[in-house]
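J.: One predicted model, sequence on top.
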Amino acid sequence: MANYYIGLSTSGHDPAFAIANDQGRIIFAEASERFTQVKRAWGIAPDHADHISPQLDKIIAQDPRAQFHIATSWTRAKQELGGEDQSITASPSSALVSIELGNWIMGLQAQIHQYSGYNIRSLYKARIPAQTMHFDHHLCHAANAIYSAPFENAIVLVADGEGETGSLSVFRMKNRVLKRLWRSWGPGSIGTFYCWLTSLCGFDWVAGEEWKVMGLAAYGKADMALVEKLEKILLIEDG
């Protein structure tokens, strides 16, 4: 009996899924927008039934005893920001992006997180022996970046649109093991800054055009004063 692992991107935007076997080899991976032909695929389930079923059926045809394990790229919905009793909730900032758009994105992420894996479980319930696993969002980003690089030890900075508590995380990798050193808390976001900047440039960040602006950053010149300041921040010891 072989185990297969299905990773779901559950941010509410840019959904995708990947399937790996129990040796860690990627069998299939594709963004939902490629399948649906809808740019960024806002609010679409990452395990869209028509998208994922043909791939799982192929596996079952080759391995009739296949079992599937599901994992998501968030531990919880962004709205469940903090407090052991979950009494503290997140509120998006309106400093750069309108509060309406912020609430819309948070709502999509909460919905996708709540129903993550629903389609797979409905269609293949007998082949899913365990509960869905939920992984820290920034840890997923860090692992994706550093485990594809040939390093044993490294410092990893995640500068995201959002995470469970904020937009920034710093990890240290030692002997290929990742440990978080620090994370931000609150609505401040470099990702939101890029959304705002994209709009100033006349592009549409909802349509995913902030990537054009980010790509243009390679044509700029580094501010060494900022680089030195960042190096000092990243070289802090644990704690």
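T.: Sure thing, it's come through. The shown structure was predicted, so the numbers you read here are calculated from the model rather than taken from an experiment.
J.: pLDDT below threshold where in the protein?
T.: Counting by pLDDT under 70, the chain contains low-confidence residues at 79-95, 230, 233-239.
J.: And the residue of it most remote from its centre, how far from Gln55?
T.: Within the chain, the residue lying farthest from the chain centre (CA atoms, centre = their mean) is Pro64, at 31.3 Å. Pro64 sits at a distance of 16 Å from Gln55 (criterion: CB to CB, to the nearest Å). Every residue, glycine included, has its C-beta placed from N, CA and C.
J.: Would you mind finding the longest helix in the chain?
T.: helix 99-114 (DSSP state H).
J.: With just CA atoms, put the next helix or strand after it into CSV.
T.: Next in sequence after helix 99-114, counting helices and strands by DSSP states H and E, comes helix 118-124. Coordinates of each C-alpha in helix 118-124 appear next as CSV, following Å, rounded to 0.1, in the frame of the first residue of the first chain:
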residue,chain,number,x,y,z
TYR,A,118,-13.6,19.0,1.1
ASN,A,119,-13.8,17.9,-2.6
ILE,A,120,-11.1,15.2,-2.1
ARG,A,121,-12.7,13.9,1.0
SER,A,122,-16.1,13.8,-0.6
LEU,A,123,-14.9,11.8,-3.6
TYR,A,124,-12.2,9.6,-2.1
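J.: buried residues in helix 118-124?
T.: Of the residues in helix 118-124, those scored as buried under the neighbour-count criterion (16 or more other CB atoms under 10 Å) are 119-121, 124.
J.: tell me the helices in this protein, going along the chain?
T.: Counting by DSSP H, the segments of the chain that form helices are 32-36, 49-62, 99-114, 118-124, 137-146, 190-200, 210-216, 224-234.
J.: which stretch among those comes nearest Thr72?
T.: Closest to Thr72 of these, according to CB to CB: helix 99-114, at 6.9 Å.
J.: Only the buried residues of the closest one, if you could.
T.: In terms of neighbour count (16+ other CB under 10 Å), helix 99-114 has its buried residues at 102, 104-106, 108-110, 112-113.
J.: rewinding a little: any chance of the backbone angles for the residue farthest from the centre of the chain?
T.: For Pro64, the backbone dihedrals are phi -60, psi -20 (criterion: degrees, to the nearest 10).
J.: separation between Tyr5 and Ala154?
T.: Computed with CB to CB, the distance linking Tyr5 and Ala154 is 25 Å.
J.: The two - which one has more neighbours?
T.: For the pair Tyr5 and Ala154, the greater number of neighbours falls to Tyr5 (18 against 15), based on other CB atoms under 10 Å.
J.: in the sheet, who's paired with the more buried one?
T.: With beta bridges defined as DSSP bridges, Tyr5 has these partners: Ala20, His69.
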